[in-house]
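A.B. asks: return a 3D structure for these sequence lines:
(one chain, ligands or ions: 1)
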Amino acid sequence: MKFIHLTDTHLLAGDGELYGSNPKKRLQQAVTHLMLHQPDAEALVITGDLTHQGQADAYGQLREVLSSVTKPIYLIPGNHDHRETLKEYFPSIECDKNGFIQYTKDFGDYLAIFLDTNEPGVPWGVFCDMRGAWLREQLEASTKPVMLFMHHPFFTIGIHSMDNISLRDTAAFRTAIAGFESCIRQVFFGHIHRPITGSYQGMPFFTLRGTNHQVALELHADAEEGIPGRQEAPQYAVVQLSAGQVLIHIEDFLDDSVRFRLKG
Ligand SMILES: [Fe+2]
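C.D. replies: Below you'll find the predicted structure:
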């Protein structure tokens, strides 16, 4: 199983720029690149902040750009999204019985679990008891190791302004995964607009840059000064799964540096 992970596309209504680049054009460039260079990828996952302000026109443009992707696409909302408008424009998106955009997919040797941490009106993540109960059910029912996809990280990452808006109350999430930590072989998230990897309480995690704008690596900046933005190269990830391995390569899809063959 091979799939593509990209995140934080932040599409706008209309055709404007956001922080100096055009989000729609950036996503088109990512899609063109991955369709050309990773034609055998079996799915595309986008971990939230699909749009910047949740307007209908932005979702319409997202649907238009993604229409050229000839593989299944799995979406989850981020804090910038509007859950109901997302559902309207992607009516086949699956929801749990409470209307949250939460679902599972068979990813070869793993069960992929997609989680909804959106809460209308706030930038931080929320994972309530209802969402937690659904996650617990999936973990209990799974016969395979799992990977989680969610927009907000459930731990701090050291950039204080972003830690302010991560998953705020983690109690329901922690209760849901309690005892299943060793089954969670990889957590993929978005939100941070930076490449970060490591493990948290034994669970490996991964995130990467968005397709439009990035967050600078300023670990000591005061959270009150706001989120440090930067125009670094956008990315997507190529993820290869096998029974004993989760392998993640990062592609800077706009990089046009010289290519050559190294000699012995
Ligand atoms: Fe974002």
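
A.B. asks: quick one: the helices in the stretch 151-264 of the chain?
C.D. replies: 160-163, 171-177 (DSSP state H, counting those that start in this stretch).

A.B. asks: of all those helices, which lies closest to the ion?
C.D. replies: helix 160-163 (9.8 Å; CB to the ion). Quick note: C-beta positions are derived from backbone N, CA and C, even for glycine.

A.B. asks: re the thing from before, mind putting the helices of the stretch 151-264 of the chain in TSV, mean pLDDT, mean neighbour count and distance to the ion included?
C.D. replies: Converted to TSV, those look like this (pLDDT from 0 to 100; neighbours: other CB atoms under 10 Å; distance: least, CB to the ion, whole Å):
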stretch	mean pLDDT	mean neighbour count	distance to the ion
helix 160-163	95	18	10
helix 171-177	98	18	20
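
A.B. asks: and those helices: which comes nearest Trp134?
C.D. replies: Of all those, helix 171-177 sits nearest to Trp134, with 8.3 Å by CB to CB.

A.B. asks: name the residues that touch the closest one?
C.D. replies: 127-129, 131-133, 135-136, 139, 154, 167, 184 (CB atoms under 8 Å, 6 or more residues apart in numbering).

A.B. asks: restricted to strands, list those.
C.D. replies: Ile184 (DSSP state E).

A.B. asks: selecting buried members of the contacts of helix 171-177 in PyMOL, what would you type?
C.D. replies: Only the buried entries of these go into this PyMOL selection, using 16 or more other CB atoms under 10 Å:
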select buried, resi 127+128+131+132+135+136+139+154+167+184
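
A.B. asks: in contact with Arg131, which residues?
C.D. replies: 96, 98, 100, 102, 115-117, 172.

A.B. asks: contact partners for the closest residue to Trp124 other than its chain neighbours?
C.D. replies: Among residues not flanking Trp124 along the chain, Ile165 sits closest, at 4.3 Å (CB to CB, 6 or more residues apart in numbering). If you count contacts by CB under 8 Å, 6+ apart, Ile165 has them with 79, 123-125, 152, 191.

A.B. asks: just Asp163 next, same as before
C.D. replies: Contacts of Asp163 (CB under 8 Å, 6+ apart): 156-157, 223.

A.B. asks: go with 7 Å
C.D. replies: 156-157 (CB atoms under 7 Å, 6 or more residues apart in numbering).

A.B. asks: again with Cys95
C.D. replies: Going by CB under 7 Å, 6+ apart, the list of residues near Cys95 reads 101-102.

A.B. asks: beta partners for Val187?
C.D. replies: Leu148, Phe205 (DSSP bridges).

A.B. asks: and the gap between it and the ion?
C.D. replies: According to CB to the ion, to the nearest Å, Val187 and the ion sit 17 Å apart.

A.B. asks: can you report how many residues lie near that residue?
C.D. replies: 23 (other CB atoms under 10 Å).

A.B. asks: isn't it up against His152?
C.D. replies: No: Val187 is not in contact with His152 according to CB atoms under 7 Å; the separation is 11.0 Å.

A.B. asks: so which elements touch the longest helix seen in the chain?
C.D. replies: Identified as the longest helix of the chain according to DSSP state H is helix 23-37. Helix 23-37 is packed against helix 56-66, with contacts defined by 3 or more CB pairs under 7 Å, 6 or more residues apart in numbering; DSSP states H and E.

A.B. asks: in a strand, Leu111, correct?
C.D. replies: Yes: checked against DSSP: H, G, I helix; E, B strand; the rest coil, Leu111 lies within a strand.

A.B. asks: what's near enough to touch it?
C.D. replies: 104, 142, 144, 146.

A.B. asks: who does it form a beta bridge with?
C.D. replies: Asp106, Val146.

A.B. asks: pLDDT score assigned to it?
C.D. replies: As predicted, Leu111 sits at a pLDDT of 98.

A.B. asks: for this structure, which residues are neighbours of the ion?
C.D. replies: The chain comes close to the ion at residues 8, 49, as judged by CB under 5 Å from the ion.

A.B. asks: can you do 8 Å?
C.D. replies: 7-8, 10, 48-49, 78-80, 190-191, 193, 210 (CB under 8 Å from the ion).

A.B. asks: format those residues as JSON lines; extra columns: pLDDT and neighbour count.
C.D. replies: Formatted as JSON lines, the residues of the chain next to the ion follow (pLDDT from 0 to 100; neighbours: other CB atoms under 10 Å):
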{"residue": "Thr7", "pLDDT": "98", "neighbour count": "29"}
{"residue": "Asp8", "pLDDT": "98", "neighbour count": "28"}
{"residue": "His10", "pLDDT": "98", "neighbour count": "26"}
{"residue": "Gly48", "pLDDT": "98", "neighbour count": "29"}
{"residue": "Asp49", "pLDDT": "98", "neighbour count": "27"}
{"residue": "Gly78", "pLDDT": "98", "neighbour count": "28"}
{"residue": "Asn79", "pLDDT": "98", "neighbour count": "22"}
{"residue": "His80", "pLDDT": "98", "neighbour count": "21"}
{"residue": "Gly190", "pLDDT": "98", "neighbour count": "29"}
{"residue": "His191", "pLDDT": "98", "neighbour count": "29"}
{"residue": "His193", "pLDDT": "98", "neighbour count": "27"}
{"residue": "Gly210", "pLDDT": "98", "neighbour count": "27"}
